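# Here's my sequence, what's the structure:
(2 chains)
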Amino acid sequence: MRDIEEKLKRAAEKVDVPDMLEPDIMQLRLDARGRRSERESERSEETKASAGPSRVTNEEKGSATDVSEGGKVVRISGNDRTDSVKAAKAFTDRAEAEKARKKRMRRGLATAAAAVLLVGLSSWLTYDHFEKKLEEAGTSLEEVAAETETVKDAEGADAEPTTAAIERHDAGSMYVLAKTEKAYTNYVKKQVAAWNSYTTDEVATDSISDNAASTNASSSSSTADSATTGSEGSKAIQESADTASGAGNSGSDYSYTNTLVEGVDEADIAKTDGRYIYRVVGESIKVTRADGTALTRCDDINMTNDTIAAVRKAAGTSGSAEEGTDTSKDSSTENDGSQEGTAGVSVPKKVADIIESCSVSINEMFVRDGKLIVLGNLYKYGLNPNASATPDLAADASYRGVADTSTKLLGIFTYDISDPEHAVLKSVDCIDGYYNQARITSDGKLIVFAYNWMDDDQVVWPQIDGEKIGADSIYLPAEGLNQTIIAAFDLAGDGLKAIDSCMIMNNYATPYVTDDAIYLYGYDSASSGSDATNVARFTFKDGKIDAAGAATVSGTVTDDYALRVVDDNLFILTTTYNYSSSDTSNGLYVYDAEMKRRGALTGLAPGETIYSARYIGKMAYFVTYRQTDPLFAVDISNPDDPKLLGYLKITGFSDYLHPWSENRLVGLGLETDPDTGEQKGIKLSMFDVSDPTNPVVVGSTVIPAKYSDLYTYDHRAVLASADKNLLGFGYSYTNDDYATWKTAYVFYSWNEVTKSFDAIYTADLDFNGVQSLRGLYIGDDLYISEPDGVEVKGGEKLLY
Amino acid sequence: MEIDVQTVRKAIDGDADAFVSLYGNMYKAMYRYAYFLLGRSADAEDAVADTVVDAWEGIGALRVPEAFSVWIYRILSAKCKRRRAAYSEEGPEVPPDLSGGSFDSTEETLSLLSGLDETDRIIILLHVIAGFKTREIAEMLDMRASTVRSRENRALKKLRSQMS
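Residues are numbered from 1 along each chain as shown, chains lettered A, B, ... in the order given. Sure, this is the predicted structure:
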């Protein structure tokens, strides 16, 4: 068929690409965010087309108004914004699923989708009106949720499974433990053969080299050994000052990363310990001392020059790296007197072997209890053929950047920063894979999520610090070759101590972590008819990971705050897109500790997509996007029966919701003109939800701008503290037609007297990387961490 | 598709020049992909422009730089899909010329492609225009590689049979 492909290729080459897409014009356009105006005109087209509801602007306190919609189903067409990042994560583009295994699933989903559509067609104003339909939908969805992928067949598995030192369970039938090396190997071979088969479904297993067969079977028991050592003195009780607060910073004198779950810290690019500010900038961790408004530059921790050199030194002076040594970490006992390489840097052999020509691509970091933990993937330098004969690879910049290739090794570098101006590297750990995310629980357990996949012809056994993850810690789904690796470490002592790890074969799952549970959720590739998400629950106790159950949930998660765990029950808000009708609908689903469905509230806001969500106490609040922006209030006090209590229709939409007090909620978003859909600026809103059947706007403030882009894609980029009465966020904007775009980071406070938000500190910046900005506070001082420096309210910006 | 990971990392960190250079290597293929999928140049242009802006806004959250091209095409495909859903309301597009066609002109190419099922068209375009490997396409469409291969072959055979 090459000739057809060639012809098509040539035909494509004849197609002229419009000038507006040329890179230099696109560069201007990126600065200009031209798409907004196109979407505006799209939206105003729809406004004329649909016999829409009368819109009510509701800015005064106490004047919520009921609006009759006439039961019209609203079609989504301009919903590109949600489509963007969230779709990329949630894989909203799909193809037909395979028939055999999915028949039952499809039937169930079709019933559910039909029920949801029925619900959608009726007026969604009155809760009672669609209760009956909800019941129907609830039943169908229950059936669907109970049906999961068929158990991976154990053809060829050995009779005797290896004894697991940790007792691990399957996650329902969604992820089944491999238990034997043979089962894992056979699974991989089958998957790889499926990738490789050309015209038919013939399986070609001959070409696959099986590295696993030659690996020592004893290495799986060493994993078990390392797992049990973690129990000694590993409970590091954290001082309250160190716990990150997910509900915004409260009661502390310095800011923490804005996290999804209170008490579970998330790695980030900027941190403070109340005296120093740490920033990830390129290949370094930059350290700034903050004394009120006076900023002082301290020594950088250059990962490539200093850290790698220290690691190489430690590796070089260690004992030999022989095969079959019990511990895969070598320690240097030599004190070389350098800033970072001192006595007792422990380095895994695996890292020592390759460190000679590596650089670190820093991802994120933690600052905790006098420790700085940096996570970064290791890359090997490509060699510059023009370089000198005896180069100092780390120092010689001319070696860098020539086809740097990944070693597929994630390095975790732990420094002692009891003296932050003289950080000392203490240990290096490594995980086979690429960095995905990381957490530290309130009792001081580090959980790292890494990601890997297999090349066509090798069975890969991922390792933690060079120790293979055993077959008793590998979870297999029905199909898939991507690996999600979870590794748990204890923070006690100088470095890290590996406690437990496991690997789940799946596609791009996102973790949601509480203090005692890990949820992995991701798009269900078996779904057809409409979207679905696979969710697996793992318990996390004393650093040990075990599966508790799994379920397939209708729809996809469109906001990081859409999940919440209360008393071991998972509440999850999703938006379901039906492929054939192109309709969306929303639901809140509740699952117990074993991921069995308990309750559901479906058919919410048909035709819209969930834009932002937040759970506060016994309530779930969420905002949907289309044109106006209803704020829904759902009572989740009864997990078996969540109830829609009320909603508020206002102009504009909120990208981000934050609890402010027991009865108040702050919304950050955009203001739009109700008639034209045109953007008017960024809006901060204060909602009163003391009567959840009747949410009310207390007051709002608009930062006018012709076009603006609020950066709330990453929740960590928002700073919110009700106690400090601070809201910090970044955005880009323009006031002339795309000519000049600016970036700003601002701090606002709520003014109860004027019922509006006051700008406390605004910084106009010169570059476009709004995603790298972080607002911080120490005491009453406000700081902004930027790629080119740190600035402080009332003081001089420190540029470096 | 080969993409320089270090450039992607820089783009993730907010380096606009790095992002634009990545774009510069991809934009022609992206446009042609969208164009052959949608059959309308204005819409294809919009789809690409929307995709690029959204990708730039959201790249800060991309955690696997190696997945950049797959990631961006997913966005592009989703945008095209939404537009195509709107087309079906407007009526049938250019009917396939089953009596004999060629790839000589753009119109004829579009006509030939319109005779294919949407998914088959996506597979062929991802392969021929965007340069993805079977495995990457399978990953993007959540299918098995064997399915991707057999569908592509069947579709190519169909195209050949329709050619004069």
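
# is stretch A:174-190 up against chain B anywhere?
No. Counting by C-beta under 8 Å from any C-beta of the partner chain, chain B has no neighbours in stretch A:174-190; the shortest distance is 10.7 Å. From N, CA and C alone the C-beta is placed, and that goes for glycine too.

# what's the answer for stretch A:11-19, then?
Yes. On the criterion C-beta under 8 Å from any C-beta, stretch A:11-19 is in touch with chain B at A:11-12, A:14-15, A:17-18.

# Now residue B:116: closest residue in space, sequence neighbours ignored.
Spatially, and ignoring its direct neighbours in sequence, residue B:116 is nearest to residue B:155 (5.4 Å; C-beta to C-beta, 6 or more residues apart in numbering or on different chains).

# Then residue A:755?
Using C-beta to C-beta, 6+ apart, the nearest residue to residue A:755 is residue A:699, at 3.3 Å.

# does residue B:50 count as helix, strand or coil?
Three-state assignment for residue B:50 (DSSP: H, G, I helix; E, B strand; the rest coil): helix.

# Please report the distance of it from residue A:731.
Residue B:50 sits 19 Å away from residue A:731, going by C-beta to C-beta, to the nearest Å.

# now swap in residue A:537 and tell me
On the measure of C-beta to C-beta, residue A:537 and residue A:731 end up 36 Å apart.

# Compare those two (neighbour count), which wins?
Neighbour totals were compared for residue A:537 and residue A:731, and residue A:537 leads with 26 against 23 (other C-beta atoms under 10 Å in any protein chain shown).

# Can you point out the helix or strand that includes that one?
According to DSSP states H and E, residue A:537 maps onto strand A:532-541.

# if you skip the residues just before and after it, what's nearest to the closest residue to chain B within chain A?
Residue nearest to chain B within chain A: residue A:769 (2.0 Å; C-beta to the nearest C-beta). Computed as C-beta to C-beta, 6+ apart, the closest residue to residue A:769 that is not its neighbour in sequence is residue B:14, at 2.0 Å.

# So for that neighbour, what's the pLDDT?
For residue B:14, the model assigns a pLDDT of 82.

# Could you check how far residue A:265 is from residue A:557?
Distance, residue A:265 to residue A:557, using C-beta to C-beta: 22 Å.

# ok so, going back, these two touch, right, the residue nearest to residue A:769 and residue A:771?
Yes. At 5.6 Å, residue B:14 counts as touching residue A:771 under the criterion of C-beta atoms under 8 Å.

# buried sites along stretch A:370-382?
A:371-381 (16 or more other C-beta atoms under 10 Å in any protein chain shown).

# For it, C-alpha coordinates in CSV please.
C-alpha atoms of stretch A:370-382 as CSV (Å, rounded to 0.1, in the frame of the first residue of the first chain):
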residue,chain,number,x,y,z
GLY,A,370,15.3,20.4,57.4
LYS,A,371,15.4,18.3,54.3
LEU,A,372,15.3,19.3,50.7
ILE,A,373,14.2,16.5,48.4
VAL,A,374,14.7,17.1,44.7
LEU,A,375,13.2,14.9,42.1
GLY,A,376,14.6,15.0,38.6
ASN,A,377,15.1,12.7,35.7
LEU,A,378,18.7,11.8,34.7
TYR,A,379,19.8,12.5,31.1
LYS,A,380,23.0,11.4,29.4
TYR,A,381,24.9,14.0,27.6
GLY,A,382,25.3,13.5,23.9
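
# Next, name the residue at the spatial heart of chain B.
Centroid-nearest residue in chain B, with C-alpha atoms, centre = their mean: residue B:33, separated by 4.1 Å.

# where does it land in three-state SS?
helix.

# same thing with residue B:79?
helix.

# just to revisit the earlier point, can you name every helix or strand that the helix or strand just after the strand holding residue A:537 contacts?
Later in the chain than strand A:532-541, the nearest helix or strand by DSSP H and E is strand A:544-554. In terms of contacts (3 or more C-beta pairs under 8 Å, 6 or more residues apart in numbering or on different chains; DSSP states H and E), strand A:544-554 is packed against helix A:99-121, helix A:131-146, strand A:482-490, strand A:497-505, strand A:517-523, strand A:532-541, strand A:569-578, strand A:583-591.

# burial measure for residue A:701, as a count.
The burial count for residue A:701: 20, using other C-beta under 10 Å.

# beta partners for it?
Beta-bridge partners recorded for residue A:701 (DSSP bridges): residue A:684.

# what's it in contact with, if anything?
A:683-684, A:748, A:756-757 (C-beta atoms under 8 Å, 6 or more residues apart in numbering or on different chains).

# Do I have it right that residue B:162 meets residue B:116?
No. Counting by C-beta under 8 Å, residue B:162 does not reach residue B:116; the two are 9.5 Å apart.
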